[in-house]
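**Student:** Task: produce atomic coordinates for the following.
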Amino acid sequence: MSREPSSPAAAPAAAETQPPRENILPQWRRLLYANGSLGATINFQTLALWLIFFYAPSPEAGLPTRLPAVTLPLLGTLAPVALAGVILGIGRLVEIFDDPLIGHWSDTFRSRWGRRAPFILIGTPVMSITFVLLWLPPDAEASYLNAVLLFIVLQVLFFSTTVANAPYEAWLPEVAVTSNDRVSLSAWKSLFGVIGAALALVASPQLVEWLGFAGMALVLGAATMLSYYLAVFGAAGGRARGYRSNLDLWVAFRATLANRPFLIFAASLVLFNLALNMLTQMLPYFVVAIMGEGTERVSLYVGLFLLVMLVSLPGTVALGQRWTKRRAHIACMGVLALYFPLQFFAGYVPGIPTAAQGLVYIALAGVPIAGLFVFPNALLADVIDYDAQQTGQRREGMYFGVLSTINKLALALSSLIFGLILGAFGNTAANPLGIRLIGPVAGVAVVLGLLIFARGYTLPDQVKTAPVQTASAADDAG
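**Tutor:** Residues are numbered from 1 along each chain as shown. Below is the predicted model:
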């Protein structure tokens, strides 16, 4: 087991030290805590799939339009679908500032139930209730009241989601204290995230058909609440850490941005997420304009990708345990940097059906992406341990919160780049160059992230922290 150096510059020789082989975390606690990712993914993916369509459906759907066309300064006249996008976009922009605030609050919070659990126990029911309310607009037809209430309910939903999810994510370094446990726990979180994505993207259309949108929301909202509550049960009884930060918000924020390993890690991860979001947005265009298939086939592509990712998770865990997390993470990014640009050539290979080329390309992307869903949380836990060594403070919530904010800004930037590329170079079957360029552009982003991480991240695989400031016995529950 390697010892953390006193400074990042001293770490390269230790960075490839093999991780310890012991697993301290009981399997049942690992599974219960990881189960929380199911609820988080259901919420996010269901909104992405259905919300705009529900309030401003296509005419062919036979559903009522629930938002009016409006005229706004600078933006001009907005169709209902554009208004839905503006409401959702503004809501997402406002909520990016919640994450560091809630994260810091959970770092400094004191209660008989610990730092994290009260936030999840209170935030989750509010999140589930507001999720259901989204699909119960007061007017059956288009109205300004629907638009106003949609914005208000979205803001409550986004805030309560942060209240529940930021402390949940911040709990990981406390629940898993060894490198092996962190890799394993991150893999289980990815697995439950895949199950949540399947419920949102594959099962929700069937639930809508059987129960309607409100019934679908009620079922998935209940599943989300159960998921988070099981996670609390799994995490709260683990090894007590009893650590609580006593830094004020601004000092904690500046200290986070002064952590060089964190900045390197965050820059690399943001570039990967930017690339992945561009590929996700590209998928419907890829299926329809390049593969020549209907929109109903998008679910097949998504399903195959999730299946391959799911099957790849055990190998990803084994790779992280055989190598170091750093080395395995670099390998996965390297494969993606080479693989993403191949999207440009999909459909051009002679002798193979065009649709088969597209299916194989999207499905095989799940192999390296599985690793990049597993290792980041485990690596960030090491970065937080390094911070504890330097500052004597445990500030998991602030780190996950700042990283979440940065990632949300990256998602907004990726949407801007995506739109500009398709607008400038084409997004139709007759002129698909813009669609084909997304893969190479995403590959460049991953290359930059790879170079930043490989050259700058030097922490060892198991960071030994110095004794940290402990809170009172009332905080020992977590």
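**Student:** any low-confidence regions in the stretch 51-200 of the chain?
**Tutor:** Applying pLDDT under 70 to the stretch 51-200 of the chain flags the ranges 58, 60-61, 74-75.
**Student:** Tell me which stretches of it form helices.
**Tutor:** Listed in chain order, the helices of the stretch 51-200 of the chain (DSSP state H, counting those that start in this stretch) span 80-95, 98-108, 117-133, 144-170, 172-175, 179-198.
**Student:** what about the stretch 201-350 of the chain, any weak spots by pLDDT?
**Tutor:** 237-247, 295-296.
**Student:** quick one: the strands in it?
**Tutor:** Here the stretch 201-350 of the chain has no strands by DSSP state E, counting those that start in this stretch.
**Student:** Mind checking the helices of the stretch 51-200 of the chain for the one nearest to Trp28?
**Tutor:** helix 179-198 (11.4 Å; CB to CB). The way it works is simple: take the backbone N, C-alpha and C, and place the C-beta from them, glycine included.
**Student:** picking up where we left off before, closest to Ala289 out of the helices of the stretch 51-200 of the chain?
**Tutor:** Here helix 80-95 is closest among the helices of the stretch 51-200 of the chain (CB to CB), at 19.6 Å.
**Student:** Residues contacting that closest one, please?
**Tutor:** 51-52, 55-56, 65-70, 72, 75, 78, 142, 147, 150-151, 154-155, 158-159, 162, 408, 412 (CB atoms under 8 Å, 6 or more residues apart in numbering).
**Student:** gap between Thr71 and Ala363?
**Tutor:** The gap separating Thr71 from Ala363 is 45 Å, by CB to CB, to the nearest Å.
**Student:** Would you mind telling me which of these two has the busier surroundings?
**Tutor:** Ala363 (18 against 8; other CB atoms under 10 Å).
**Student:** For that one, list the residues it contacts.
**Tutor:** By CB under 8 Å, 6+ apart, the residues touching Ala363 are 301, 304-305, 307-308.
**Student:** Mind putting those residues into a markdown table with neighbour count and distance to Pro314?
**Tutor:** Below are the contacts of Ala363 laid out as a markdown table (neighbours: other CB atoms under 10 Å; distance: CB to CB, whole Å):
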| residue | neighbour count | distance to Pro314 |
| --- | --- | --- |
| Tyr301 | 21 | 23 |
| Leu304 | 16 | 18 |
| Phe305 | 22 | 17 |
| Leu307 | 14 | 14 |
| Val308 | 17 | 13 |
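**Student:** Could you dump those residues into CSV and include distance to Ser268?
**Tutor:** Shown next, in CSV, are the contacts of Ala363 (distance: CB to CB, whole Å):
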residue, distance to Ser268
Tyr301, 27
Leu304, 28
Phe305, 23
Leu307, 27
Val308, 24
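**Student:** Pick the one among those closest to Leu199.
**Tutor:** For the contacts of Ala363, the residue nearest Leu199 by CB to CB is Leu307; the value is 14.4 Å.
**Student:** Let me see the contact set for that closest one.
**Tutor:** Taking CB under 8 Å, 6+ apart, we find Leu307 in contact with 363, 366.
**Student:** looking at this protein, which residue lies furthest from center?
**Tutor:** Gly351 (38.0 Å; CA atoms, centre = their mean).
**Student:** can I assume Gly123 is in contact with Thr161?
**Tutor:** Yes: counting by CB atoms under 8 Å, Thr161 is a contact partner of Gly123 at 7.4 Å.
**Student:** re earlier: in ChimeraX, how would I select the buried members of the contacts of helix 80-95?
**Tutor:** To isolate the buried members of the contacts of helix 80-95 in ChimeraX, using 16 or more other CB atoms under 10 Å:
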select :51,52,55,56,65,66,67,68,70,78,142,147,150,154,155,158,159,162,408
